[in-house]
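Student: give me coordinates for this.
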Amino acid sequence: MKNLKFLFAIIIIILFVFQPLLAQSDNLLNLINDLSEDETYLNDLLLELQESPVNINTAAHGDLTTIPLITSTMADSIILTRDQKGAFRSKRQIRKIITAPVYDLIKDFITVSKKQNYKLKITQRNSYKIEPVPEIESGKYQGNALNNYSRVKYQYSPYLTFGFIAQKDPGELNYIDHANFSAQYKKDKWNIIAGDFYVQFGQGLSQSNPYGTQKSIYLAAVFREPSQIARPNLTSSEATGKFGVFIENSFNKRLNVFAFYSKTNRDIRTEDGTITGFNYTGFHRSVSEINSKNKIIESNWGTGFYYRPINSLKIGGLINLYNFNKRVENNFTALGEKKRRQYFAFEGDKLEQAALSYNWAVNYLRFSGEYSRAKEGGPGWMQSAYFFKDKFKLGATFWRMAKDFLSVDGRSFDDSDAFPQGTSGYFAGIQFSLIPSLSFGGFKMYEQNLWRSYFDPMPTDKNEWLGQLNWKTQNTFTTLRYRNRESESFKKTGNENSRITQKQKFIRLELKYKPVKNVSLRTRWEQTFIAESDEKGTLFFQDFEYRFLEKITLNTRFTFFNTASFDSRIYEYERGLPGTFSNLALFGNGHKSYLLIKWQLLNNFSVWLKGRYIAKDTILKTGETKKELKRDLRMQFALLF
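Tutor: Numbers count the residues shown, from 1 in each chain. Prediction:
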């Protein structure tokens with residue numbers, strides 16, 4: 001460990017000494033997903049934008065705001081400039097409109113080209129774990145260790161698009177265990193989707209994208225307004241989405257109305273053959289998981305509207321009616337003592353829900369909110385305020401969902417689980433530039449769970465704040481981050497429960513630079529401390545990217561980590577194949593490396609290859625040391641016609 005610390009110190013000194021290098025903007029996924037422990041909406045969205053960049057000369061307002069970080073105000077400015085001065089000759093011309101930092105992050109997702117897009121796009125992705133999976137070896141899981149993902153998208157015309165995905169997780173037997181299909185017609189005032197889709201309304205309490213809104217230091221991602229009420233569900237999320245028909249009509253600039261009907265199979269949880277809840281994991285590997293698949297049918301009818309009485313104000317309403325062909329029994333008879341752990345969870349065979357939302361923009365200030373309530377449960381609400389002007393952004397979100405709040409397709413803030421309930425909290429963030437080369441960003445987030453169990457009606461708190469300083473010169477881009485996180489847990493002594501507050505601190509130093517045109521380097525050192533247990537953890541990595549012949553990009557990273565236990569784990573987001581999410585929790589004493597290669601064989605054919613290697617020692621509670629080796633291979637190709 002002493003030698004490792006010495007190595008860290010030497011490398012950091014070298015990096016600060018050799019600064020005559022070119023700064024590089026970070027990857028958009030890395031910036032926004034860096035704090036996410038679960039998958040976010042960005043992975044699938046950016047895959048679509050990479051395949052079909054938005055033409056800024058023809059795009060409507062809703063198409064422009066589909067791009068992450070592009071606000072409604074930015075979209076208005078792009079359209080106004082286009083109308084006044086004519087078509088953009090270069091996409092770089094919008095750099096001043098949306099600011100240079102935003103442009104550098106989204107430039108790969110826009111175009112001014114009039115070339116005909118490829119109509120047919122095929123994506124195939126596979127991954128394989130080299131080490132034997134014990135559950136597969138023992139026969140507990142029915143399938144092999146291969147992960148399979150197939151995606152086909154066909155644009156029949158500028159207005160009509162078809163899509164299909166099939167996915168198999170490691171251990172699953174069926175190569176189309178998860179399959180989605182959708183057809184979308186979108187022209188003028190109409191948006192019609194048939195097949196798999198998901199609905200987004202208001203703040204997401206009633207209807208949300210599959211992943212919800214995640215916390216981020218980049219506030220434009222947190223406070224972005226959904227650009228579309230519904231989207232085809234070609235995501236890899238197996239737990240959500242609907243299968244049916246969605247219809248939207250824009251009668252005029254002030255009124256949008258929409259309606260949908262879906263009939264979707266859901267997985268279940270059971271106790272002695274009785275249905276006691278829903279299972280949203282999406283795994284069908286073991287006999288019990290396979291037997292829980294598609295055992296209940298959810299019918300959902302909904303209708304709603306958005307109305308603008310004035311240009312700056314938009315109000316919306318939604319009615320959701322759910323029916324299930326089998327009853328969910330959340331009671332002591334079916335669950336016994338387990339009932340006490342899910343006392344307020346859903347019970348019955350129907351749910352009737354209504355919601356109201358608003359969005360009010362005044363110059364550089366935007367307010368938005370949603371109130372939602374089901375007939376069978378308590379209320380939930382969420383309120384946001386966001387100020388953005390030039391190089392200063394300030395935003396806050398507040399939410400509260402009653403202990404008995406019920407919402408099948410809603411999501412709480414920074415939580416992708418279905419059926420959110422019993423939580424309240426707030427998120428407040430700030431971003432500003434002190435001088436052109438120095439900027440600061442930070443947030444504070446507090447969340448309180450309103451119920452733990454029947455015996456322990458004690459709130460559990462989560463308290464977190466983060467501050468990050470970015471220093472950008474002509475030669476370097478340096479980031480210094482401090483993060484403080486507090487969470488409560490319970491320790492049982494005899495018949496009594498006591499609260500334990502765990503306080504964990506993170507310090508991160510990161511440098512990005514580009515010594516020559518085709519080479520990019522990135523270095524990070526991160527340290528974590530837990531005061532109560534005196535645990536510590538350290539992580540260091542060196543990232544290297546090389547692009548040559550304009551066709552091949554090579555990215556590799558070497559990571560060293562040493563933490564006392566899982567409690568002092570450090571998350572490391574790494575680049576993956578397009579459309580994938582990889583933010584690993586690293587703990588124990590070990591090292592990790594990966595190699596990612598992209599090869600543009602032809603203009604319409606690309607191949608990605610990735611190999612990952614993790615070796616570590618973990619100290620068990622018995623004091624013994626467990627050696628672990630994890631290796632996997634990943635491949636993806638994209639073919640365009």
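Student: from here on, contacts and neighbour counts on C-alpha atoms
Tutor: Noted.
Student: show me the shaky parts of this structure.
Tutor: For the chain, applying pLDDT under 70 flags the ranges 1-44, 115-117, 239, 340, 452-460, 489-499, 621.
Student: which residues does the spatially closest residue to Y613 that is not a sequence neighbour contact?
Tutor: For Y613, ignoring the flanking residues on the chain, the nearest one in space by C-alpha to C-alpha, 6 or more residues apart in numbering is R631 at 4.7 Å. With contact set as C-alpha atoms under 8 Å, 6 or more residues apart in numbering, R631 has these partners: 129-131, 611-614.
Student: out of these, which is nearest to W525?
Tutor: Compare each of the contacts of R631 with W525 using C-alpha to C-alpha and the shortest gap goes to I614, at 18.3 Å.
Student: kindly check the end-to-end length of stretch 54-73 for me.
Tutor: By C-alpha to C-alpha, to the nearest Å, the extent of stretch 54-73 from end to end equals 17 Å.
Student: what comes up buried for that stretch?
Tutor: 54-57, 61, 64-73 (16 or more other C-alpha atoms under 10 Å).
Student: just the residues contacting that stretch, thanks.
Tutor: Residues external to stretch 54-73 that are found in contact with it (C-alpha under 8 Å, 6+ apart): 49, 75-76, 78-79, 82, 87-88, 91, 98, 102, 106, 109-113, 220-221, 224-228.
Student: before we move on, what about stretch 84-92?
Tutor: Taking C-alpha under 8 Å, 6+ apart as the criterion, the residues outside stretch 84-92 that touch it are 56-57, 82, 103, 107, 110-112.
Student: ok, now with 10 Å
Tutor: Residues external to stretch 84-92 that are found in contact with it (C-alpha atoms under 10 Å, 6 or more residues apart in numbering): 55-58, 78-82, 94, 100, 103-104, 107-108, 110-113.
Student: please enumerate the helices of this structure.
Tutor: Under the criterion DSSP state H, the chain carries helices at the ranges 2-17, 28-33, 42-51, 61-64, 72-85, 95-98, 100-106, 134-137, 219-222, 287-291, 332-335.
Student: out of the contacts of R631, what pair is the most spread apart?
Tutor: Greatest spatial distance among the contacts of R631 (C-alpha to C-alpha): E131 and G611, at 13.3 Å.
Student: picking that back up, buried among the contacts of R631? Make that a PyMOL selection.
Tutor: Selection command for PyMOL covering only the buried members of the contacts of R631, criterion 16+ other C-alpha under 10 Å:
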select buried, resi 129+611+612+614
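Student: circling back to that earlier point, show the buried residues in the contacts of stretch 84-92.
Tutor: Neighbour counting by 16+ other C-alpha under 10 Å classes 55-57, 78-79, 82, 94, 103-104, 110-113 among the contacts of stretch 84-92 as buried.
Student: buried set for stretch 629-641?
Tutor: Under the neighbour-count rule (16+ other C-alpha under 10 Å), stretch 629-641 has 631, 633-640 buried.
Student: oh, I was asking about stretch 529-536
Tutor: The neighbour-count check on stretch 529-536 (16+ other C-alpha under 10 Å) flags 529-530, 536 as buried.
Student: tabulate those (a markdown table), appending distance to K627.
Tutor: As requested, these are exported to a markdown table (distance: C-alpha to C-alpha, whole Å):
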| residue | distance to K627 |
| --- | --- |
| F529 | 24 |
| I530 | 24 |
| K536 | 20 |
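Student: among the buried residues of stretch 54-73, which lie within strands?
Tutor: Counting by DSSP state E, the members of these that fall within strands are 54-55.
Student: let me know the closest of the buried residues of stretch 54-73 to G623.
Tutor: Within the buried residues of stretch 54-73, the smallest distance to G623 is 47.5 Å, found for P68 (C-alpha to C-alpha).
Student: any idea how far D76 is from the closest one?
Tutor: Using C-alpha to C-alpha, which is the criterion applied here, P68 is 15 Å from D76.
Student: contacts only, for K295.
Tutor: The contact partners of K295, by C-alpha under 10 Å, 6+ apart, come to 265-269, 275, 278, 325-326.
Student: any of these buried? List them.
Tutor: 265-269, 275, 278.
Student: quick one: which of those residues is nearest to R557?
Tutor: Checking the buried ones among the contacts of K295 against R557 with C-alpha to C-alpha, the nearest one is D267 at 38.9 Å.
Student: who does that closest one form a beta bridge with?
Tutor: N279 (DSSP bridges).
Student: pretty sure it sits against S288.
Tutor: No: using C-alpha atoms under 10 Å, D267 is not in contact with S288, being 11.1 Å away.
Student: how close does the closest residue to I315 other than its chain neighbours sit to H61?
Tutor: If the residues on either side of it in the chain are set aside, I315 comes closest to Y358, at 4.2 Å by C-alpha to C-alpha, 6+ apart. Summarising the geometry, the distance separating Y358 from H61, computed by C-alpha to C-alpha, is 19 Å.
Student: ok so, going back, got JSON lines for the buried ones among the contacts of K295, with distance to R522 too?
Tutor: Written out in JSON lines, the entries for these read as follows (distance: C-alpha to C-alpha, whole Å):
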{"residue": "N265", "distance to R522": "45"}
{"residue": "R266", "distance to R522": "44"}
{"residue": "D267", "distance to R522": "43"}
{"residue": "I268", "distance to R522": "45"}
{"residue": "R269", "distance to R522": "45"}
{"residue": "I275", "distance to R522": "51"}
{"residue": "F278", "distance to R522": "43"}
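Student: now T625: how far from H591?
Tutor: Between T625 and H591 the computed distance is 16 Å (C-alpha to C-alpha).
Student: related to what we said a few turns ago, list residues touching both of E131 and G611?
Tutor: Here E131 and G611 have 631-632 as joint contacts, going by C-alpha under 10 Å, 6+ apart.
Student: picking that back up, among the contacts of stretch 54-73, the buried ones, what's the ChimeraX command?
Tutor: Selecting just the buried residues from these in ChimeraX takes one command, with 16+ other C-alpha under 10 Å as the test:
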select :49,75,78,79,82,88,91,98,102,106,109,110,111,112,113,220,221,224,225,226,227
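Student: by contact count, what packs against the strand ranked longest in the chain?
Tutor: Of all the segments assigned as strand in the chain under DSSP E, the longest by residue count is strand 496-516. With contacts defined as 3 or more C-alpha pairs under 10 Å, 6 or more residues apart in numbering; DSSP states H and E, the packing partners of strand 496-516 are helix 2-17, strand 460-472, strand 477-493, strand 519-530, strand 535-548.
Student: recalculate using a threshold of 8 Å.
Tutor: Here strand 496-516 touches strand 477-493, strand 519-530, going by 3 or more C-alpha pairs under 8 Å, 6 or more residues apart in numbering; DSSP states H and E.
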